[in-house]
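Novice: Structural data only, the sequence is not supplied:
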């Protein structure tokens with residue numbers, strides 16, 4: 001049992017939209033990611049998608065509305081809902097999802113998620 005310092009983990013990389021695994025929880029990956037600009041529209045057929053905003057602001061765009069997350073706020077996108085995270089400036093997030101879940105919803109276009 002070790003603690004994880006999110007600020008220290010985030011300081012180890014600079015690229016955007018490239019999640020890093022920082023731990024495991026009940027067969028879920030705990031990840032940090034830096035985001036800026038628009039991600040791709042996507043969905044996860046079999047799992048919800050959790051976004052916890054640590055810093056900055058992120059719009060979670062859905063087809064019928066936009067959920068704006070500021071630091072300290074989270075949003076869960078239910079399985080099967082198409083969504084697109086967008087950040088006008090750099091933002092930092094914690095993501096939690098079942099291990100092996102492709103971040104784009106498609107294994108062929110998903111980012112590799114290194115463990116840090």
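Specialist: Right, received. Where do you want to start? Just so we're clear, the structure is a prediction, and the values are computed from it rather than from any experiment.
Novice: switch to C-alpha atoms for all contacts and neighbour counts from now on
Specialist: Noted.
Novice: in stretch 59-71, what's buried?
Specialist: 59-62, 68-70 (16 or more other CA atoms under 10 Å).
Novice: Which SSE is immediately downstream of the strand or helix carrying residue 37?
Specialist: Using DSSP states H and E, residue 37 falls within strand 28-38. Scanning forward in sequence from strand 28-38 by DSSP H and E, the next helix or strand is strand 49-55.
Novice: which strands and helices sit next to that next one?
Specialist: Contacts defined by 3 or more CA pairs under 8 Å, 6 or more residues apart in numbering; DSSP states H and E place strand 49-55 against strand 66-70, strand 74-77, strand 83-98.
Novice: Tabulate these (a markdown table), appending distance to residue 10 and mean pLDDT.
Specialist: Below are the helices and strands packed on strand 49-55 laid out as a markdown table (distance: least, CA to CA, whole Å; pLDDT from 0 to 100):
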| stretch | distance to residue 10 | mean pLDDT |
| --- | --- | --- |
| strand 66-70 | 18 | 98 |
| strand 74-77 | 18 | 96 |
| strand 83-98 | 8 | 96 |
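Novice: among those, which is the most enclosed?
Specialist: Ranked by mean neighbour count, the helices and strands packed on strand 49-55 are led by strand 83-98 with a mean of 20 (mean count of other CA atoms under 10 Å).
Novice: Check the offset of it from the chain's centre.
Specialist: In terms of CA atoms, centre = their mean, to the nearest Å, the gap separating the centre of strand 83-98 from the centre of its chain is 4 Å.
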